[in-house]
Every structure is written in C-alpha cells, then in structure tokens.
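J.: The following block contains a protein sequence and its predicted model.
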Amino acid sequence: MSKVVVRTSDASGFFERAKQAARRADKGQPMAGTVTLAFEDAQTMFSVLSDARRKLMIEVMHSPKTISELSICLHRNRSSLTKDVGVLERRGLVFSRRESNPGHGIQKMVQAVAPRIEVMAVIG
C-alpha cells in the first residue's frame, strides 16, 4: 500500500468511493494502492489523532521502531506508548509484531501501514 487517507466522511461518501473502485475493477484498471479510513466527524478523528499519536506515527513512518526506542525519542513512558499503539492499530494506521531480542526476551516492533498518510477533515 502506498498511501492511507484519513478523512471525515458519512456513509454516502463510503458508498461513492466503493462504486468508483468497482468501476475501475470492471474496466480492468489497477487499484490506486490507497486505503481510506473514514471517521463520521472531525471531533472523533482528532481525538484518535491526538498530537502525541501523530508524533508516534511520524516516527514509525520513517522507520519501524521498538516501544523502547519510541519511549526514548518521544520522551514518553512505555505504558502510554503501548496504549497509543493499540489505539492506532485498532484504527488501521500502524501495526506491530513481536520479535526476539536476544538476551532480553521479546520486543514489540511498530511500523506504519504506509509510507504516506494524508489527513483531511471538513469542519462545519
């Protein structure tokens, strides 16, 4: 996937995007490589994409990082970072995997789902 678009949109917007994708598929055209994550309102979107979570996303968009590395570079405690990673994972913006950390057990590696994430909101 090359890009994720995070936006506000209602059900009609979702169905319009799905119709356009179906038309492209019917014509044998390639899919855009873009995934759209829609929130029904800007308030919900901005509560999920808080300042701290946006900074976390920027860090893992550059390169995957462990929770420990994120804790150091973002100057945050591991517990709050782990919770934020969980929120972003449930929304489909990041994913994590457990990796062996020789001599230290297991570590959680976090990375963005795409190298580019666009955020768009209509207020009003």
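T.: Yep, that arrived. Numbers count the residues shown, from 1 in each chain.

J.: I'd like the average pLDDT over stretch 100-113.
T.: Within the predicted structure, the mean pLDDT of stretch 100-113 is 84.

J.: So which residues make contact with that stretch?
T.: Applying C-beta atoms under 8 Å, 6 or more residues apart in numbering, the external contacts of stretch 100-113 come out as 1, 4, 35, 56-57, 60-61, 63-68, 70, 82, 85, 92-99. (Each C-beta comes from the backbone N, C-alpha and C, glycine too.)

J.: How about stretch 7-24?
T.: Contacts of stretch 7-24 (C-beta under 8 Å, 6+ apart): 30-32, 36-42, 45, 119-122.

J.: how long is stretch 69-85 from one end to the other?
T.: 13 Å (C-alpha to C-alpha, to the nearest Å).

J.: Buried residues in that stretch, which are they?
T.: Glu69, Leu70, Ser71, Leu74, Arg76, Leu81, Asp84, Val85 (16 or more other C-beta atoms under 10 Å).

J.: gap between the fifth one and Arg53?
T.: When distances are taken as C-beta to C-beta, to the nearest Å, Arg76 and Arg53 turn out to be 11 Å apart.

J.: Please apply the same query to the first one.
T.: Glu69 sits 17 Å away from Arg53 when distances are taken as C-beta to C-beta.

J.: what sits against the residue positioned nearest the centre of the chain?
T.: Centroid-nearest residue in the chain, with C-alpha atoms, centre = their mean: Leu93, separated by 1.3 Å. Neighbouring residues of Leu93 by C-beta under 8 Å, 6+ apart: Val4, Val6, Leu37, Met57, Ala112, Val113, Ile117.

J.: mind redoing it with 10 Å?
T.: 4, 6, 35, 37, 48-49, 53-54, 56-57, 60-61, 85, 87, 112-114, 117 (C-beta atoms under 10 Å, 6 or more residues apart in numbering).

J.: Many thanks, have a good one.
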